[in-house]
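Trainee: here is the input, now give the coordinates:
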Amino acid sequence: MEKEKMLNQIRAAEEEIRELCETEENKRRMAFWSSEGVSSDYFHAIPADKTKKPLVIEFEREAYAQTLGYDLIEFYHDPYLHYLSGLQTQIFKFKNFDDDTPIAKKQPVFESAAFEKCIFGGDQAIYTEHDAVVSKEPLIKERKDLERMEYPDFYKGGCMPRTISFFEQVREIAAEDFEVAFPQWGRSPWGCAWQVRGLDNLMIDCIEDPEWMVQLLDFLGESRKRWTLQKNGYLGLPLTEGNIYNDEVTFPVVSPQLYEEYILPGEKDLADFFGGIAYWHSCGDTTEMFHLINTIPNLKMLTVSAWSDVAKAGQVYDKDKALEVQLHNYRDVLQPETETTLRDRIQLIKDSTKDHRSIVHACGIVCVNGFEKTMERLRILSETAREILD
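Mentor: Numbering: from 1, shown residues only. From the prediction side, this is the model:
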């Protein structure tokens with residue numbers, strides 16, 4: 001697509017977002033939240049109070065690409081397409097998902113789930129049909145390789161020259177009243193260790209040489225802190241609460257003992273560095289670690305995944321912590337096991353989190369049954385949620 005034509009589409013999309021931002025519907029949605037968001041990828045925000053339980057619906061990125069008709073390989077290489085598809089995604093969500101996600105004059109630059117590995121010089125695998133993934137080849141093949149690793153420089157390390165250039169191109173394309181958010185380093189030291197060392201190697205390290213594994217985790221945590229300070233200097237921003245993305249923390253791969261002894265100390269260290277953790281996330285089963293996660297200093301919001309026990313979460317987590325509770329996108333939403341499965345799940349979330357600020361979160365939706373059938377299921381989800389949560 002010619003850049004001039006794409007730029008015209010961008011300006012039209014920006015104008016439409018300006019208009020949608022001022023609508024009564026957007027004001028209704030914004031009233032659910034204490035801030036615009038705590039993450040610069042998909043929408044994650046902290047609810048304003050305990051009385052309103054917002055619903056958030058989110059496609060997986062490949063579903064947005066299929067629906068809006070853009071190529072995921074070009075998405076990661078063309079700054080015009082990257083920015084335009086982000087604007088179009090916001091508009092599509094606002095017009096088609098009957099949920100409580102607001103629209104805003106803010107657009108993130110997204111560098112895929114492999115971003116942290118790429119900072120250290122690793123690769124990602126990019127496909128047309130689904131989102132980019134982490135390459136399988138570890139950066140640290142032998143333990144002695146850690147000795148040659150250097151803290152990644154924000155300006156020069158790994159993918160960063162390309163990331164900074166791409167961000168600046170997007171920021172130059174965007175209108176002055178639209179904020180462009182820089183890609184975030186979200187993964188915990190443990191999640192980064194999975195990426196640079198590989199899961200199999202890391203679990204062997206845990207058994208054979210736990211002291212070395214601690215050195216690796218400390219190195220990765222320190223790397224994030226140094227990178228963050230450089231990033232904030234580049235952007236001219238103060239240090240604020242951070243996020244921890246932790247899909248790699250899931251039972252039984254990670255036991256409560258392993259989490260408490262080796263993983264949690266690094267997360268607490270990050271919380272001290274950032275002055276708190278705004279959002280702690282894992283799509284895995286973290287039920288057996290609720291009581292440990294609860295000890296992270298100044299933790300504001302966390303995910304209770306579809307695999308975790310929401311009733312126990314409501315009992316264990318401090319009442320000042322917000323709970324983002326996931327629906328199972330197949331079992332609850334797209335292909336419910338019974339006629340009452342979805343209703344029962346939403347009611348359980350409402351009852352279990354009555355003393356918390358909480359969210360019903362339908363994320364990672366893909367159009368396995370085709371677009372029309374998927375949208376019909378999401379319509380049923382919205383209607384059911386409104387009946388129970390309002």
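Trainee: quick one, strands of the protein?
Mentor: Per DSSP state E, the chain carries strands over the ranges 55-59, 106-108, 124-125, 133-134, 179-181, 242-245, 277-281, 299-304, 322-326, 358-365.
Trainee: make a markdown table from these and add mean neighbour count and distance to Leu389 to it.
Mentor: Where you see a C-beta, it was placed from the backbone N, CA and C, and this is true even at glycine. Shown next, in a markdown table, are those (neighbours: other C-beta atoms under 10 Å; distance: least, C-beta to C-beta, whole Å):
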| stretch | mean neighbour count | distance to Leu389 |
| --- | --- | --- |
| strand 55-59 | 23 | 7 |
| strand 106-108 | 21 | 26 |
| strand 124-125 | 16 | 38 |
| strand 133-134 | 16 | 34 |
| strand 179-181 | 17 | 29 |
| strand 242-245 | 24 | 26 |
| strand 277-281 | 24 | 21 |
| strand 299-304 | 25 | 16 |
| strand 322-326 | 24 | 12 |
| strand 358-365 | 24 | 7 |
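Trainee: redo the ones you listed as CSV? Include distance to Asp344.
Mentor: As requested, the strands of the chain are exported to CSV (distance: least, C-beta to C-beta, whole Å):
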stretch, distance to Asp344
strand 55-59, 16
strand 106-108, 35
strand 124-125, 39
strand 133-134, 34
strand 179-181, 37
strand 242-245, 29
strand 277-281, 25
strand 299-304, 16
strand 322-326, 14
strand 358-365, 13
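Trainee: output the ones you listed in a markdown table; the columns should cover distance to Trp33 and mean pLDDT.
Mentor: Listed next are the strands of the chain as a markdown table, based on distance: least, C-beta to C-beta, whole Å; pLDDT from 0 to 100:
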| stretch | distance to Trp33 | mean pLDDT |
| --- | --- | --- |
| strand 55-59 | 10 | 96 |
| strand 106-108 | 13 | 94 |
| strand 124-125 | 32 | 62 |
| strand 133-134 | 31 | 62 |
| strand 179-181 | 16 | 95 |
| strand 242-245 | 16 | 94 |
| strand 277-281 | 13 | 96 |
| strand 299-304 | 11 | 97 |
| strand 322-326 | 10 | 97 |
| strand 358-365 | 10 | 95 |
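Trainee: looking at those, which is closest to Gly266?
Mentor: strand 242-245 (9.5 Å; C-beta to C-beta).
Trainee: who are the packing partners of the closest one?
Mentor: With contacts taken as 3 or more C-beta pairs under 8 Å, 6 or more residues apart in numbering; DSSP states H and E, strand 242-245 sits against helix 264-274, strand 277-281.
Trainee: the same query, at a cut-off of 6 Å, please.
Mentor: Strand 242-245 sits against strand 277-281, with contacts defined as 3 or more C-beta pairs under 6 Å, 6 or more residues apart in numbering; DSSP states H and E.
Trainee: top helix in the protein by residue count?
Mentor: Of all segments of type helix in the chain, defined using DSSP state H, the longest is helix 210-235.
Trainee: list the buried residues of that one.
Mentor: Judged by neighbour count using 16 or more other C-beta atoms under 10 Å, the buried positions of helix 210-235 are 213-214, 216-217, 219-221, 223-225, 227-228, 230-231.
Trainee: re earlier: for the strands of the chain, which one sits closest to Arg143?
Mentor: Closest among those, using C-beta to C-beta: strand 133-134, at 20.5 Å.
Trainee: so Ile173 makes contact with Leu84?
Mentor: No. Ile173 lies out of contact with Leu84 (C-beta atoms under 6 Å); the separation is 8.7 Å.
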